[in-house]
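Engineer: Sequence and predicted model, in that order:
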Amino acid sequence: QVQLVESGGGSVQAGGSLRLSCVSSGYTYSPFCMGWVRQAPGKEREGVASIYISDSRTYYADSVKGRFTISRDNGKNTLYLQMNSLKPEDTAMYYCAGSNGGACSYGYWGQGTQVTVSS
């Protein structure tokens, strides 16, 4: 069974940085893609960034382009999200997600890690 475990969330002032990590286990094949999704209270879930494992193509939401960087260490089965120049509107629960088939459709989710950015 695939498990995703996030870490690295916390509280930071605006302009600060955090790095989220997500260790995956149980995959018997290389996932098609993985990504980070966030949800703030009262708001819809938002895809933040994704990475295609085969060629490391990355995609970002417009709201985080130029500030966030997604990467994966395949040898460590670890997904990262480097978040710089954080803004109060980045405050949310951040979830690691992984695909469960031959397309970039997330079927596996972590428990989430909270990021809080104060002004």
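Structural biologist: Looks like it arrived, so ask away. Numbers count the residues shown, from 1 in each chain.
Engineer: secondary structure element for the residue sitting nearest the centre point of the chain?
Structural biologist: In the chain, the residue lying closest to the centroid (C-alpha atoms, centre = their mean) is residue 36, at 2.4 Å. Secondary structure here is read from DSSP states H and E; on that basis residue 36 sits in strand 33-39.
Engineer: Okay, strands next: where are they in the protein?
Structural biologist: Counting by DSSP state E, the segments of the chain that form strands are 3-7, 10-13, 18-25, 33-39, 46-52, 58-60, 68-73, 78-83, 92-99, 106-109, 113-118.
Engineer: Now tell me what touches the fourth one from outside.
Structural biologist: The contact list for strand 33-39, computed with C-beta atoms under 8 Å, 6 or more residues apart in numbering, reads 20, 22, 24, 45-53, 70, 72, 79, 81, 90, 92-99, 104, 106, 115. Where you see a C-beta, it was placed from the backbone N, CA and C, and this is true even at glycine.
Engineer: For it, output the C-alpha coordinates as CSV.
Structural biologist: Output for strand 33-39, consisting of C-alpha atoms alone and laid out as CSV, is shown next (Å, rounded to 0.1, in the frame of the first residue of the first chain):
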residue,chain,number,x,y,z
CYS,A,33,3.6,12.2,-11.4
MET,A,34,3.5,13.7,-7.9
GLY,A,35,2.6,17.0,-6.6
TRP,A,36,1.6,19.4,-3.9
VAL,A,37,-2.0,20.5,-3.3
ARG,A,38,-3.1,23.0,-0.7
GLN,A,39,-6.3,24.0,1.0
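Engineer: ok, residue 118 touching residue 10?
Structural biologist: No: when contacts are counted by C-beta atoms under 8 Å, residue 118 is not listed as touching residue 10 (11.3 Å).
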